[in-house]
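Chemist: Structure of the sequence below:
(chains A and B)
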Amino acid sequence: AQSVTQLGSHVSVSEGALVLLRCNYSSSVPPYLFWYVQYPNQGLQLLLKYTTGATLVKGINGFEAEFKKSETSFHLTKPSAHMSDAAEYFCAVSDHYGGATNKLIFGTGTLLAVQP
Amino acid sequence: ETGVTQTPRHLVMGMTNKKSLKCEQHLGHNAMYWYKQSAKKPLELMFVYSLEERVENNSVPSRFSPECPNSSHLFLHLHTLQPEDSALYLCASSQEPASEQFFGPGTRLTVL
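Modeler: Numbers count the residues shown, from 1 in each chain, chains lettered A, B, ... in the order given. As a prediction, this is how the structure comes out:
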């Protein structure tokens, strides 16, 4: 069975500092991996995804993530935090085999606070 | 309208009421999903529809009843809910096979 672990339910950084949100996954097949962001009172918005190919993927708003198979990780980074990055971030893994639908397994989320 | 829309955005209901949540996707996708998001819990997948056919029902209580009349619309009919059913209900859609899901803004449900 697939699973996702997000280390740190709350992360606080200063404006302009590096953002690092951690995600480790468990999957018996090569995974598809996703990061979503959720702003207050809104749905989830896709930040970036990894399916195949280049292991460093770039997303919206200056975020990027690197797929490391040996570490079963897909950590999300941004070089310089902005106040508008304050939100909750969810890592998700997909089992894209065996079936017509794309079942996403989500982590419990990391709430990012950005201090001025 | 673009993307995935959900109505109403907020709903307060008593335990004996019957109400429905509506989701509409304007993306031409062929799969739709209902999720429940509660505080301090991972997103819970409730139902999946592919090509208007229910393909997954994750042990959801019968007081939640989904309906997918066509590929663009998804409903969640609610009756005799419990206070613990209070949560954010999210709808999503995707184009199969395997792709990312696009989410609506959610309906914040409060059961009194």
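Chemist: Which residue is the nearest non-sequential neighbour of B:Y49?
Modeler: Excluding its sequence neighbours, the residue lying closest to B:Y49 (C-beta to C-beta, 6 or more residues apart in numbering or on different chains) is B:C68, at 4.2 Å. Yep, even glycine has a C-beta here, placed from its N, CA and C like the rest.
Chemist: Could I get the contacting residues of the one you found?
Modeler: By C-beta atoms under 8 Å, 6 or more residues apart in numbering or on different chains, the residues touching B:C68 are B:32, B:49, B:52-54, B:74-75.
Chemist: next one: A:S84
Modeler: A:N61.
Chemist: Which of the three states applies to it?
Modeler: helix (DSSP: H, G, I helix; E, B strand; the rest coil).
Chemist: Can you tell me the element the residue positioned nearest the centre of chain B falls in?
Modeler: The residue lying closest to the centre of chain B (C-alpha atoms, centre = their mean) is B:W34, at 3.2 Å. Using DSSP states H and E, B:W34 falls within strand B:31-37.
Chemist: For that strand, output the C-alpha coordinates as CSV.
Modeler: Below are the C-alpha coordinates for strand B:31-37, written out as CSV (Å, rounded to 0.1, in the frame of the first residue of the first chain):
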residue,chain,number,x,y,z
ALA,B,31,-13.5,11.4,-13.6
MET,B,32,-14.8,13.1,-10.5
TYR,B,33,-14.1,12.7,-6.8
TRP,B,34,-15.5,13.6,-3.4
TYR,B,35,-13.1,14.1,-0.5
LYS,B,36,-13.7,15.0,3.2
GLN,B,37,-11.2,17.2,4.9
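Chemist: and for that strand, what are the contacting residues?
Modeler: A:100-102, B:23, B:25, B:43-51, B:66, B:68, B:71, B:74, B:76, B:87-96, B:101, B:106.
Chemist: Put the buried members of the residues you listed into a PyMOL selection.
Modeler: Filtering the contacts of strand B:31-37 down to the buried ones (16 or more other C-beta atoms under 10 Å in any protein chain shown) takes a single PyMOL command:
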select buried, (chain A and resi 101+102) or (chain B and resi 23+25+43+44+45+46+47+48+49+50+66+68+71+74+76+87+88+89+90+91+92+93+94+96+101+106)
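Chemist: tell me the average confidence for stretch B:44-51?
Modeler: Stretch B:44-51 carries an average pLDDT of 88.
Chemist: residues in contact with A:F67?
Modeler: A:F67 neighbours (C-beta under 8 Å, 6+ apart): A:33, A:50, A:55-57, A:73-74.
Chemist: returning to what we had before: now for the contacts of B:C68: which two are most distant?
Modeler: Using C-beta to C-beta, the pair of the contacts of B:C68 lying farthest apart is B:E53 and B:F75, separated by 15.1 Å.
Chemist: The two: which has the busier surroundings?
Modeler: Set B:E53 next to B:F75 and count neighbours by other C-beta atoms under 10 Å in any protein chain shown: B:F75 wins out with 17 against 10.
Chemist: Assumed that one was part of a helix.
Modeler: No. According to three-state DSSP, B:F75 belongs to no helix; its state is strand.
Chemist: max-length strand in chain A?
Modeler: In chain A, assigned by DSSP state E, the strand with the most residues is strand A:87-95.
Chemist: any idea of the mean pLDDT in that strand?
Modeler: Averaging pLDDT along strand A:87-95 gives 91.
Chemist: Brilliant, that's me finished.
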